[in-house]
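Asker: Show me how the following folds:
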Amino acid sequence: MANKTTAEKLATIQKGYTLEGPAIELGAAIVDGELHKEAQVRLPLAMMNRHGLVAGATGTGKTVTLHMMAEQLSTAGVPVFLADIKGDLSGLATAAAGSEKLAARTEGIGQSWQGKTFPVEFLALGGDGNGVPVRATVTSFGPILLSRIMELNDTQESSLQLVFYFADKNGLELIDLKDLRAVIQFLTSPEGKDQLEELGGLSKATAGVILRELVSLEAQGLEKFFGEPEFDTAELLRTAPDGRGVVTCLELPTLQTKPMLFSTFLMWLLADLFEDLPEAGDLDKPKLVFFLDEAHLLFNDASKAFLEAITTTIRLIRSKGVGIFFVTQTPKDVPADVLGQLANRVQHALRAFTPEDAKALKATVSTFPMSDYDLEETLTSAGIGEAVITVMNEKGAPTPVALTRLRAPESVMGPSDEALVRSTVAGSALLGKYGTAVDNPSAYEKLTGKAAAPTGPAAPGQPPVPGAGASGSGVPAGSPDGRTAGGFDVDAEARRIEEEILGRPSSRTAPTRNSPDRARAEAPRTTRQEPGGGMVGDLGGVLGGALGGGLKSMARSIGTQLGRELLRGVFGTSSRRRR
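Answerer: Presented below is the predicted three-dimensional model:
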């Protein structure tokens, strides 16, 4: 560590954080124990898609830091996503009140403080909480992420991928957990044993294990998170009418006992964004900044495939204009391949009460550039609301390490009044789109011949959305052996399959509501079976009759042709919107 005077150290920080473009103001530097408000520490807005890490021991101020950063990002017109585990971040919707203590702090760091509210959208997984329900279809969620929730081993994860492949190639829509359960039950039944054998690597015993884990998920009430309408992650990229970025808070208060589900759903949101967004290159400001709290939960006991998928997503999503900030306790919670891609660091205090703590402290210090601070001492003595910072400057080089007293948020540091949250949700434009669950015909109905379940309830305390019932009157009515699909809207299915197979809009005209074609499509019918019967024969009959004899063989061999069209993302995700 260089032997410099205080003035020289101060000059290094001032020069390192003098920026030309817009920036997030983080706070004022502390040098040799003294606060210097003339040495402002900043993070260039254009560099926030280079990702970052907010770390520190419990109670050191990590949540307040991301709260403060979210406010400034919103003001700059950048949408923000926050996972609100404790409910504290709902305070963004309420202006903070001043106090003498607050005034002294903000004046000391040169912050011009004023209480403000920010445009906030409240979401809740499956409607579990006060927020617009967020759901994902099972097929969109994909086998890798689902394996993570089910805590499957590598062999079982590979087998689940085969189940998804089978469903994809046979046109069996996996919308909710009962769809996936129905497919696995079919494959393990006497009727489906031939299809199970064709899958090769999927044994009946492994399929049985997956089925038991799936039933366990349903017993825990997790089926509410899977279904339709599926949340469109483009909703996270919205701005308010005044140009400020919308801050989306995903409320997770009841998921503290389900950490694996929480972290995996956050990764699904990122994976879906990654697949949907076009390449953007270098931007003046990011399209979205995504704060991923409790990041260590993502990586604990993660499979190799899961870690590789995360690393790929983090590396490539930057060029699509999305910045990701991992929030956790120490850098060692994050794998080296991921940590190496996090250019912006905000490190709050660490504790060194145990040998393990001391080892983590040394590992953290080793990840910082050379500096004028004794980082082992600094990181154990930093106060609440102080952090050691180094970020990427506008030229792509790391800024000097600076112990910083951080700025104070201008909205409430804590939860907003519940009545305000409820009224915000009730007035949300998203409620009409996602507030009411629907159960459209899918794999379960096709395999069992049962009718779709009634439309689900709206978000808690909200009225059902008019006309949001299960779409399509062609609900399958099963034959005694459960293998036929009467009442199936064949024309709609034919158009969908034709578009998927041929890669272009269907040439078939959609029947109008009152047309004879529509009446025929909605009339009960029984699919024609091939000799030997079986589900694949049934599907071939449906598609062959709908598309004509010339496409019947195409429908029968849908595994090799449609399989190439149903390209899944790095996590095995496959959104119906992208099809």
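Asker: Same question for stretch 390-408: list its buried residues.
Answerer: Within stretch 390-408, the residues that qualify as buried are 390-393, 399-408, counting by 16 or more other C-beta atoms under 10 Å. Just so you know, the C-beta spots here come from the backbone N, C-alpha and C atoms, and that holds for glycine as well.
Asker: my bad, stretch 312-329
Answerer: 312-314, 317-318, 320-329.
Asker: what's the closest of the residues you listed to residue 28?
Answerer: residue 325 (21.3 Å; C-beta to C-beta).
Asker: The nearest residue to the closest one once chain neighbours are set aside and residue 59, how far apart?
Answerer: Residue nearest to residue 325 in three dimensions, not counting chain neighbours: residue 52, with 4.4 Å by C-beta to C-beta, 6 or more residues apart in numbering. Computed as C-beta to C-beta, to the nearest Å, the residue 52 to residue 59 distance reads 21 Å.
Asker: Which one's more surrounded, the two?
Answerer: Taking neighbours as other C-beta atoms under 10 Å, residue 52 and residue 59 compare with residue 52 leading, 26 against 11.
Asker: Among the buried residues of stretch 390-408, which one lies nearest to residue 115?
Answerer: Nearest to residue 115 among the buried residues of stretch 390-408 is residue 408, at 10.5 Å by C-beta to C-beta.
Asker: Next, the contact list for the closest one, please.
Answerer: Applying C-beta atoms under 8 Å, 6 or more residues apart in numbering to residue 408 gives the contacts 68, 102, 105, 106, 111, 113, 385.
Asker: Select from those every entry located in strands.
Answerer: Using DSSP state E, no member of the contacts of residue 408 falls within strands.
Asker: So which of these is surrounded by the most neighbours?
Answerer: residue 68 (24 neighbours).
Asker: Mind pulling the model confidence for that one?
Answerer: Note for residue 68: predicted pLDDT of 97.
Asker: Let me know the pLDDT of the nearest residue to it once chain neighbours are set aside.
Answerer: What sits nearest to residue 68 in space, not counting adjacent residues and going by C-beta to C-beta, 6+ apart, is residue 409, at 4.7 Å. Residue 409 carries a pLDDT score of 97 in this model.
Asker: before we move on, back to that, quick one: the residue nearest to residue 325 and residue 326 touch, right?
Answerer: Yes - with contacts counted by C-beta atoms under 8 Å, residue 52 reaches residue 326, the gap being 7.5 Å.
Asker: okay, and the common contacts of those two?
Answerer: Listed as contacting both residue 52 and residue 326 by C-beta under 8 Å, 6+ apart are residue 342.
Asker: how about the residue nearest to residue 325, phi and psi?
Answerer: phi -170, psi 170 (degrees, to the nearest 10).
Asker: gap between it and residue 277?
Answerer: From residue 52 to residue 277 the distance is 19 Å (C-beta to C-beta).
Asker: how about the residue nearest to residue 325, what does it touch?
Answerer: For residue 52, the contacting residues are 323, 324, 325, 326, 342, 343, 344, 345, 346, 391, by C-beta under 8 Å, 6+ apart.
Asker: And it, how far from residue 345?
Answerer: For residue 52, the distance to residue 345 - C-beta to C-beta - is 7 Å.
Asker: list residues touching both of these two?
Answerer: residue 391.
Asker: circling back to that earlier point, quick check: helices, which of the buried residues of stretch 312-329 are part of them?
Answerer: Using DSSP state H, the subset of the buried residues of stretch 312-329 located in helices is 312, 313, 314, 317.
Asker: Was I right to think the last one contacts residue 272?
Answerer: No - using C-beta under 8 Å, residue 317 is not in contact with residue 272, being 11.0 Å away.
Asker: Which pLDDT does the model give residue 194?
Answerer: Confidence score, pLDDT, at residue 194: 85.
Asker: Could you list the buried residues of the helix or strand harbouring it?
Answerer: Secondary structure from DSSP states H and E places residue 194 in helix 193-198. When neighbours are counted by 16+ other C-beta under 10 Å, the buried residues of helix 193-198 are found to be 195, 196.
Asker: Quick one: mean pLDDT for the helix or strand encompassing residue 445?
Answerer: Assigned by DSSP H and E, residue 445 falls within helix 443-448. What helix 443-448 shows for mean pLDDT is 92.
Asker: Show me which residues of it are buried.
Answerer: 443, 444, 445, 446, 447, 448.
Asker: burial measure for the closest residue to the second one other than its chain neighbours, as a count.
Answerer: By that I understand residue 444. Excluding the flanking residues, the one nearest residue 444 by C-beta to C-beta, 6+ apart is residue 182, at 4.3 Å. Residue 182 has 21 neighbouring residues, counting by other C-beta under 10 Å.
Asker: cool, the one 3 residues further on as well?
Answerer: Residues contacting residue 185 under the criterion other C-beta under 10 Å number 18.
Asker: Work out for me the element it sits within.
Answerer: Per DSSP H and E, residue 185 falls inside helix 177-187.
Asker: which residues touch that helix?
Answerer: 138, 146, 163, 166-167, 172-174, 192, 195-196, 199, 202, 207, 210-211, 214-215, 217-218, 222-223, 226, 442-444, 447-448, 535.
Asker: Quick check: phi and psi on the spatially most central residue of the chain?
Answerer: Residue closest to the average C-alpha location in the chain (C-alpha atoms, centre = their mean): residue 269, at 1.9 Å. For residue 269, the backbone dihedrals are phi -60, psi -40 (criterion: degrees, to the nearest 10).
Asker: List the residues that contact it.
Answerer: Counting by C-beta under 8 Å, 6+ apart, the residues that residue 269 touches are 81, 233, 236, 290.
Asker: With residue 266 as the reference, measure out to the second one.
Answerer: When you say that, I think you mean residue 233. Taking C-beta to C-beta as the measure, residue 233 falls 11 Å from residue 266.
Asker: Helices along the stretch 301-450 of the chain, start to end?
Answerer: According to DSSP state H, counting those that start in this stretch, the stretch 301-450 of the chain carries its helices in the segments 304-317, 336-339, 355-366, 375-381, 418-426, 431-434, 443-448.
Asker: again with the stretch 51-200 of the chain
Answerer: Per DSSP H, counting those that start in this stretch, the stretch 51-200 of the chain carries helices over the ranges 62-75, 100-108, 138-150, 154-169, 177-187, 193-198.
Asker: Burial-wise, tell me which of those comes out on top.
Answerer: The highest average neighbour count among those, using mean count of other C-beta atoms under 10 Å, belongs to helix 138-150 at a mean of 26.
Asker: Only C-alpha atoms, please: export that helix in CSV.
Answerer: The C-alpha trace of helix 138-150 is given here as CSV (Å, rounded to 0.1, in the frame of the first residue of the first chain):
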residue,chain,number,x,y,z
VAL,A,138,-44.3,-25.2,-16.8
THR,A,139,-43.0,-25.4,-20.4
SER,A,140,-41.7,-21.9,-20.2
PHE,A,141,-40.1,-22.6,-16.8
GLY,A,142,-38.2,-25.5,-18.4
PRO,A,143,-36.7,-28.7,-17.0
ILE,A,144,-33.4,-27.2,-15.6
LEU,A,145,-35.2,-24.6,-13.4
LEU,A,146,-37.9,-27.0,-12.4
SER,A,147,-35.2,-29.6,-11.4
ARG,A,148,-33.7,-27.0,-9.2
ILE,A,149,-37.0,-26.5,-7.3
MET,A,150,-37.6,-30.3,-7.1
